[in-house]
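**Student:** Provided below for reference: sequence and predicted model.
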Amino acid sequence: MGDRSVAVIGLGYIGLPTAAILASHGYTVTGVDTDPVRVERVDAGEVPFVEPDLGDVLADAVRRGQLTATTVVPQADVFIIAVPTPFEADHQVDLSFINAAVDAILPRLRGRELIILESTSPPGTTAHVAARVAKARPELTEVEYAHAPERVLPGRVLAELVTNDRVIGGLTPEAGRRAGLLYASFCEGEIHFTDAQTAEMSKLAENAFRDINIAYANELSLICDSLGVDVWELIELANKHPRVNILQPGPGVGGHCIAVDPWFIVAAVGAQAPLIRTAREVNDAKPAWVVQQVREASRAFTDPVIAVLGLAFKPDIDDLRESPAMAITLDLPRSIPGARVLAVEPDSSAMPERLVGSGVEMADLDAALDQADVVVLLVDHTAFKAVDKTRLAGKPVIDTRGMWR
């Protein structure tokens, strides 16, 4: 019969869609998470975050008994680790979530299981997982290990899990073969096999490439501001060249991939990655530049009211991971004494944990625009595109997305 039972460790933006789609393709899936509230919601067939189309697939899988959720790791044929891999203050990777997942799996291993690391990781992390298991359970000589990095776009996760090509790197050919069969059950894209370290680097290289291109656009925006040039018009004109495709600038770079992954390369090779490091530094510096623009615009007002539109790292989702909009919003009360900061996030009216005690207030769009002295657009949510421009009349507007040009 092969591998039929799967435990997905981590029910976040990648783990939960992966668990749901495997369950919808006949696997018996157990989703595991340390958050009991999230587990309860998933076990009731509810999606705990915004991701289009996931709700129906999840509810159906739970209803049919193909997917259950728990805080306890079960026995399974396959374990998929889909937990966060943040970095520390010095940009070194924090493997504590991966290590905790491995330690939770250890007592459940009987031999011949396949452990797949989906978490985006520095080169050598899959081998690290294998070494950790071998040290704790040296009698288990037939457990297989593979790396299968996700390559999906938040807001389109379900579709891209199916249609995108997949890279699979096994520590052994057998690990790659078994992982390939698992992903081929739902993936209509081509599956590409390689070794684990190359698979790890492939994800990092993809996101470093994107980060460098975004950094060029963001640096252009700084240059244009100092020269009095409209960066949006400039890019539009430059892109008329048949071999030029400059991206759009923004308030920085967010999300758990592009804002994080290039640092893993820098941490691994240091001085051999000066371009990648510089791109990260350019993008990481952009939020402070936006705050300075808001500070300048607020000087005309005593105790200004500042409407901040958007907290997520990209439009039409509620994902706040590494969001430059969140960093800017947090910094405004500290940087502009006396300011009242009203944050608007259409996909979530609840106060994000990071904003508790910051002095920032949550508001709906109409109330924020009515009260604002200064308007700061940080995320090009669809809800903001419909704003009547007359409501902005007479107010300084910092449009970091060029949406209201």
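**Tutor:** The structure has been received and is ready for your questions. Residues are numbered from 1 along each chain as shown.

**Student:** and N283, how many neighbours does it have?
**Tutor:** A count of nearby residues for N283, using other Cβ atoms under 10 Å, gives 26. No exception for glycine: its C-beta is placed from N, CA and C like everyone else's.

**Student:** Touching, it and D211? I think so.
**Tutor:** Yes. Assessed by Cβ atoms under 8 Å, N283 is found in contact with D211 at 6.3 Å.

**Student:** Now do the shared contacts for those two.
**Tutor:** Common neighbours of N283 and D211, counting by Cβ atoms under 8 Å, 6 or more residues apart in numbering, are 253, 259.

**Student:** got the buried residues for stretch 364-374?
**Tutor:** By 16 or more other Cβ atoms under 10 Å, the buried positions in stretch 364-374 come out as 365, 368-369, 372-374.

**Student:** Check stretch 296-303 too.
**Tutor:** 297-298.

**Student:** what's the answer for stretch 52-61, then?
**Tutor:** Along stretch 52-61, these residues count as buried under the neighbour rule (16+ other Cβ under 10 Å): 54, 57-59, 61.

**Student:** Mind putting the residues you listed into a markdown table with distance to E174?
**Tutor:** Putting these into a markdown table (distance: Cβ to Cβ, whole Å) gives the following:
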| residue | distance to E174 |
| --- | --- |
| L54 | 32 |
| V57 | 30 |
| L58 | 32 |
| A59 | 36 |
| A61 | 29 |
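
**Student:** Just send the residues you listed back as TSV, with pLDDT, secondary structure and distance to D33 too.
**Tutor:** TSV is the format used below for these (pLDDT from 0 to 100; DSSP: H, G, I helix; E, B strand; the rest coil; distance: Cβ to Cβ, whole Å):
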residue	pLDDT	secondary structure	distance to D33
L54	95	helix	15
V57	96	helix	18
L58	97	helix	14
A59	97	helix	18
A61	97	helix	16
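
**Student:** Tell me the one of the residues you listed nearest R277?
**Tutor:** Nearest to R277, judged by Cβ to Cβ, of the buried residues of stretch 52-61 is L54 at 35.7 Å.

**Student:** which residues touch the closest one?
**Tutor:** Counted by Cβ under 8 Å, 6+ apart, L54 has contacts 16-17, 20, 47, 157-158.

**Student:** Okay, now the unreliable bits of this structure?
**Tutor:** Within the chain, the stretches with pLDDT under 70 are 1.

**Student:** Now do the domain split for it, please.
**Tutor:** By the assignment in automatic domain parsing, the chain contains the domains 5-189, 213-399.

**Student:** Straight-line length of the longest one, end to end?
**Tutor:** For domain 213-399, the separation between the terminal residues is 20 Å (Cα to Cα, to the nearest Å).

**Student:** what helices or strands is the helix ranked longest in the chain leaning on?
**Tutor:** With secondary structure taken from DSSP state H, the chain has its longest helix at helix 196-227. On a contact count with 3 or more Cβ pairs under 8 Å, 6 or more residues apart in numbering; DSSP states H and E, helix 196-227 meets helix 125-136, strand 144-147, strand 166-170, helix 231-238, helix 261-269, helix 274-298.

**Student:** And those: which comes nearest I105?
**Tutor:** For those, proximity to I105 was assessed by Cβ to Cβ; helix 125-136 is nearest, at 7.9 Å.

**Student:** mind checking how far the residue lying farthest from the centre of the chain is from V308?
**Tutor:** In the chain, T302 marks the outermost C-alpha relative to the chain mean, sitting 37.6 Å out by Cα atoms, centre = their mean. Per Cβ to Cβ, to the nearest Å, T302 is found 19 Å from V308.

**Student:** Tell me if I am right that A325 is in a helix.
**Tutor:** Yes. A325 forms part of a helix when assessed by DSSP: H, G, I helix; E, B strand; the rest coil.

**Student:** For the residue nearest to it when sequence neighbours are not counted, give me its contacts.
**Tutor:** Spatial nearest neighbour of A325, excluding adjacent residues (Cβ to Cβ, 6 or more residues apart in numbering): L378 at 3.8 Å. By Cβ under 8 Å, 6+ apart, the contact set of L378 is 251, 290, 308-311, 324-325, 328-329, 400-401.

**Student:** for the residues you listed, which one is nearest I9?
**Tutor:** L311 (27.9 Å).

**Student:** And the strands in the chain?
**Tutor:** In the chain, the segments counted as strands under DSSP state E are 5-9, 28-32, 67-70, 78-81, 114-117, 144-147, 166-170, 191-195, 305-309, 340-344, 360-362, 374-377, 397-399.

**Student:** what packs against the second one?
**Tutor:** Just to be clear, that refers to strand 28-32. Judged by 3+ Cβ pairs under 8 Å, 6+ apart, strand 28-32 is in contact with strand 5-9, helix 15-24, strand 67-70.

**Student:** For it, give me every contacting residue.
**Tutor:** Residues outside strand 28-32 that contact it (Cβ under 8 Å, 6+ apart): 4-11, 15-16, 19-20, 22-23, 39, 42, 61, 66-74, 76, 104.

**Student:** hmm, 7 Å instead?
**Tutor:** Outside strand 28-32, the residues within contact range by Cβ atoms under 7 Å, 6 or more residues apart in numbering are 4-9, 11, 15-16, 19, 22-23, 42, 66-71, 73-74, 76.
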